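1. Sequence and computational prediction follow.
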Amino acid sequence: MRNLWIFINRYNAFFFLIIFLVTGIVLTVRNNAYQRSVTINSTNHLVGNAYENLNVFKRYLSLGQVNDSLALENAQLYSQLLKMRNIDSAKDVTVSDTLTKQQYTYLAARVIKNSITLRNNIITINKGSADGIKTGMAVISPIKGVVGFVRDASEHLATIQSLLHKDTKISVNIKKNNVLGSLVWGERNFNHHKAYIKDIPNHFKINLKDTVVTSGFGSFPPGIPVGRISNTGVATGDNFLTIGIDLFNDFSTLTYVYVIKDKFAEEQKTLESKLPND
């Protein structure tokens, strides 16, 4: 306390200056309409800017929650769009789900682990068996492009065998002429922007920049964008070509994915299991 009094006594002239200055400003503002209005406007402007900056900061902190909400909403919209596309034209259009033939629904999930530099890349997502995730389900990105297949699922998490994996093979076709082929990765390099289509008959005319989409044979719905042709024919020594493509997906920036639930997957699997092995 003694030191405080010594400090105040030493700098008393400065403190008196501050007191008189503040008192003068208060009296001037209180007793003059013009100064009062200028002060109020300036104060409101400063407070408004402060609140705006605070709201920007709050919105930044809530971006993760907003993104989760948008991904869920997009998945619901995808499912509703498929439902509208697949209404049986032989029946009246109503809101009853019994009149639709909706085969696919989408479940949004957030990527919590990803790799792109390995020979066999795996992705982990924050949804699992409790959300209906099962092994073999197809996975796509929110914008466009295939991602891979569900490999394993625990109660709340699942791993995805990425397209960037030596064992991943997806049935695709060239959109222009419906030529079928098998999409693979790492055939000649491990570039996460590129892949290859094998088993393309060499008598078909293939052009650069032709769009490649999923064929619908397998877990993926037909027409999911995959990429564009960047090389029209890598010779294999037989009657088939291996074609290079540029992938639409940038696997290094994956944040959200959609797991595709096929309503008839189990039925198809059971039926095909009865076929003879030969």
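-> The structure has been received and is ready for your questions.

2. What average pLDDT does stretch 28-40 get?
-> Taken as a whole, stretch 28-40 carries a mean pLDDT of 69.

3. do stretch 166-175 as well
-> The pLDDT scores in stretch 166-175 average 92.

4. Outside of that stretch itself, list whatever touches it.
-> By Cβ atoms under 8 Å, 6 or more residues apart in numbering, the residues outside stretch 166-175 that reach it are 119-120, 146, 148-149, 161-163, 179-186, 197, 200, 204, 206, 210-218, 220, 226, 229. Backbone N, C-alpha and C define where each C-beta goes, glycine included.

5. what about the closest residue to His193 other than its chain neighbours, neighbour count?
-> Spatial nearest neighbour of His193, excluding adjacent residues (Cβ to Cβ, 6 or more residues apart in numbering): Leu247 at 5.8 Å. Residue neighbour count, defined by other Cβ atoms under 10 Å, stands at 24 for Leu247.

6. What of Ser141?
-> Ser141: 21 neighbours (other Cβ under 10 Å).

7. Please name the residues that touch it.
-> Applying Cβ under 8 Å, 6+ apart to Ser141 gives the contacts Val147, Asn249, Leu254, Tyr256, Val257, Tyr258.

8. got a pLDDT number for the last one?
-> Taken from the predicted model, the pLDDT recorded for Tyr258 is 90.

9. Please list only the buried members of the contacts of stretch 166-175.
-> Buried members of the contacts of stretch 166-175, counted by 16 or more other Cβ atoms under 10 Å: 146, 148-149, 161-163, 179, 181, 183-186, 197, 200, 206, 210, 212-215, 218, 220, 226, 229.

10. what's the following helix or strand after the helix or strand of the chain with the lowest mean pLDDT?
-> When each helix and strand of the chain is scored by mean pLDDT, DSSP states H and E, helix 63-85 comes last, with a mean of 58. For helix 63-85, the succeeding helix or strand toward the C-terminus, using DSSP states H and E, is strand 104-113.

11. counting contacts, what elements does that following strand pack onto?
-> helix 63-85, strand 120-125, strand 256-262 (3 or more Cβ pairs under 8 Å, 6 or more residues apart in numbering; DSSP states H and E).

12. and the last one, which strands flank it?
-> Strand 256-262 has the following sheet partners, assigned by DSSP bridges: strand 104-113 (antiparallel), strand 138-140 (antiparallel).

13. With just CA atoms, put it into CSV.
-> C-alpha atoms of strand 256-262 as CSV (Å, rounded to 0.1, in the frame of the first residue of the first chain):
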residue,chain,number,x,y,z
TYR,A,256,-16.8,-35.7,-46.4
VAL,A,257,-18.0,-38.7,-48.2
TYR,A,258,-21.4,-40.5,-49.0
VAL,A,259,-21.9,-44.1,-48.2
ILE,A,260,-24.4,-45.6,-50.7
LYS,A,261,-26.9,-48.1,-49.3
ASP,A,262,-28.3,-50.4,-51.9
